[in-house]
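Asker: Can you look at this prediction? I've put the sequence above it.
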Amino acid sequence: LSLWSNALSALPESFGGLRNLETLLLWKNCLSALPDSLGELSQLQTLRVECNQLASLPESLGQLCQLRSLHIWENRLVKLPESIGQLLQLEELHAERNLLQFLPRSLGQLRRLRHLDLQENRLTALPVEMGKLSALFCLHLEGNCLSTLPESIGSLEALEELHLAGNKLTALPDSLCTLPLRELRLE
């Protein structure tokens, strides 16, 4: 279902009745919230709600058990719901250009996650649990407020791209040298 680039400010609660929906494209609207019934879209694989005015995401997001791609960038999100860790099929998460100050520990449960983009937020630390993201290939953290990285980052055995420019890092963990990195950006 493609509703992108309209002026939608809300979705009806009955939206959850679209149970066979696999793709939902809602980018470039004026949405400030998503209905709790979003979690009823049990076949949803792609959700794109970037470039809206979302300040939060419903906890019911975690019920989207088939979700593989989540685009929530360029909103006003200050946190991600703890239930995000229930999205066990998720392969890509784009949450750049928000107001995120921290990440839920449950993020470490996303063992199929390959691409994580968190650039241009307000992150000051990363949860140790991020080291459990065994499939993570590409990690964008540039433009945050990170002063350290957890040692557990060395457990990201599939990580080939790491972008760290524009943070407040004064040192890098020794474990970084064990990664199969092809690209490390610190500038």
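Answerer: All right, it came through fine. For clarity, every value in this text was computed on a predicted model and none was experimentally measured.

Asker: tell me the contacts of the residue nearest the centre of the chain?
Answerer: The centre of the chain sits closest to residue 93, judged by CA atoms, centre = their mean, with a distance of 3.7 Å. Contacts for residue 93 (CB atoms under 8 Å, 6 or more residues apart in numbering) come out as 70, 72, 110, 113, 115-117. Bear in mind the C-beta positions are built from the backbone N, C-alpha and C, glycine included.

Asker: Likewise for residue 83?
Answerer: 59-63, 106.

Asker: so how far is residue 104 from it?
Answerer: To residue 104, residue 83 is 8 Å away according to CB to CB, to the nearest Å.

Asker: and if you look at residue 152?
Answerer: Applying CB to CB, the value for residue 152 to residue 104 is 15 Å.

Asker: And residue 73, by the same measure?
Answerer: Distance, residue 73 to residue 104, using CB to CB: 17 Å.

Asker: quick one: which of those two has more around it?
Answerer: A count of neighbours by other CB atoms under 10 Å puts residue 73 above the other of residue 73 and residue 104, at 23 against 16.

Asker: per-residue confidence for the more buried one?
Answerer: Residue 73 is assigned 98 on the pLDDT scale.

Asker: any idea which helix or strand carries it?
Answerer: Using DSSP states H and E, residue 73 maps to neither a helix nor a strand.

Asker: residues contacting it?
Answerer: 50-51, 94-98, 117.

Asker: Can you turn the buried part of these into a ChimeraX selection?
Answerer: The buried residues among these can be selected in ChimeraX (16 or more other CB atoms under 10 Å) with this line:
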select :50,51,94,95,96,97,98,117
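
Asker: and the contacts of residue 73, which of them are in strands?
Answerer: Counting by DSSP state E, those place 94, 117 in strands.

Asker: Buried residues, stretch 51-68. List them.
Answerer: Buried positions in stretch 51-68, judged by neighbour count with 16+ other CB under 10 Å: 51-52, 54, 57-58, 60-64, 67-68.

Asker: what does stretch 171-187 give?
Answerer: 175-176, 179.

Asker: Ok, stretch 147-155 next?
Answerer: Of all the residues in stretch 147-155, those buried under the rule 16+ other CB under 10 Å are 149-150, 152-155.

Asker: and if you look at stretch 19-30?
Answerer: By neighbour count with 16+ other CB under 10 Å, stretch 19-30 contains the buried residues 21, 24-29.

Asker: ditto for stretch 132-139
Answerer: Residues 132-133, 136-139 are the ones in stretch 132-139 that count as buried (16+ other CB under 10 Å).

Asker: Columns distance to residue 169 and secondary structure on top of these, output as CSV?
Answerer: CSV is the format used below for these (distance: CB to CB, whole Å; DSSP: H, G, I helix; E, B strand; the rest coil):
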residue, distance to residue 169, secondary structure
132, 22, helix
133, 20, coil
136, 19, coil
137, 21, coil
138, 19, strand
139, 14, strand
